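A.B. asks: Kindly generate the corresponding structure for this input.
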Amino acid sequence: MENASKALLMAAGVLIGLLVISLAVYLFVSFGTTSADVHKQMEQQQIEQFNSQFTSYDGKEDITIYDVVTVANLATENNRYYEHNKKTIPQDPQTATDTYISVVLNNPTNTIEYGFNSLTSDSTNSYNQLIKDGLNSMVNVQDKDENGQPIGKPYKVLSKYKCQVEISQKTGRVCLVKFIKSN
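C.D. replies: Take a look at the predicted model:
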């Protein structure tokens, strides 16, 4: 009888040990999955926060050359941070697979792409030139009364641009910001 009770105690100990090990494995897998989910959520939140720097301009039609310079600078800094070399605008921005951001400025006379190597190592001079070009392309406007008749003298205002932002379906990040001159 003593051997039988010892055998039962040993079997119970083994079963309890297996239960404890099973519980530990279950908790490890469960916490690992939860940790991965939290990590994915944090990563997605960071991407959304990054994208918001660009998407805040999306669809707006009253963007000035100063906003264009701001976005071009953000894109240039991003591309330098990720050590991207000069690239061309992808044929289908939705399929971009890296973190490169192109900024395109469409004027009626020309198209300029800003990103990384399109600007000189002294990007301040390039941005200053972009601003000078924008100031040189100011448009004349004149206020009108309710009948459409001109009132007062014409005056100059900065050219306005409309912004379109493309987000890659593969990375979820902004890959192309396009400014189109609207006046």
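
A.B. asks: what does the domain assignment say about the chain?
C.D. replies: 1-55, 59-183 (automatic domain parsing).

A.B. asks: Tell me which of those domains is the most buried.
C.D. replies: domain 59-183 (a mean of 15; mean count of other Cβ atoms under 10 Å). (Glycine included, C-beta is placed from N, CA and C.)

A.B. asks: Tell me which residue is most central in this structure.
C.D. replies: residue 51 (3.0 Å; Cα atoms, centre = their mean).

A.B. asks: circling back to that earlier point, return the member of the domains of the chain having the minimum mean pLDDT.
C.D. replies: Of all the domains of the chain, mean pLDDT reaches its minimum on domain 59-183 (a mean of 77).

A.B. asks: for the longest helix along the chain, the distance to its chain's centre please.
C.D. replies: The helix spanning the most residues in the chain, taking DSSP state H as the definition, is helix 2-55. In terms of Cα atoms, centre = their mean, to the nearest Å, the centre of helix 2-55 is set 34 Å apart from its chain centre.

A.B. asks: any idea which helix or strand comes after it?
C.D. replies: helix 65-81 (DSSP states H and E).

A.B. asks: Can you name every helix or strand that that following helix contacts?
C.D. replies: helix 2-55, strand 102-106, strand 111-114, helix 123-136, strand 161-167, strand 174-181 (3 or more Cβ pairs under 8 Å, 6 or more residues apart in numbering; DSSP states H and E).

A.B. asks: Repeat the analysis, applying 7 Å as the threshold.
C.D. replies: Counting contacts by 3 or more Cβ pairs under 7 Å, 6 or more residues apart in numbering; DSSP states H and E, helix 65-81 packs against helix 2-55, strand 102-106, strand 111-114, helix 123-136, strand 174-181.

A.B. asks: Now do the last one: everything it contacts.
C.D. replies: Counting contacts by Cβ atoms under 7 Å, 6 or more residues apart in numbering, the residues outside strand 174-181 that touch it are 51, 54, 63, 68, 71, 75, 89-90, 93, 96, 100-108, 159, 161-168.
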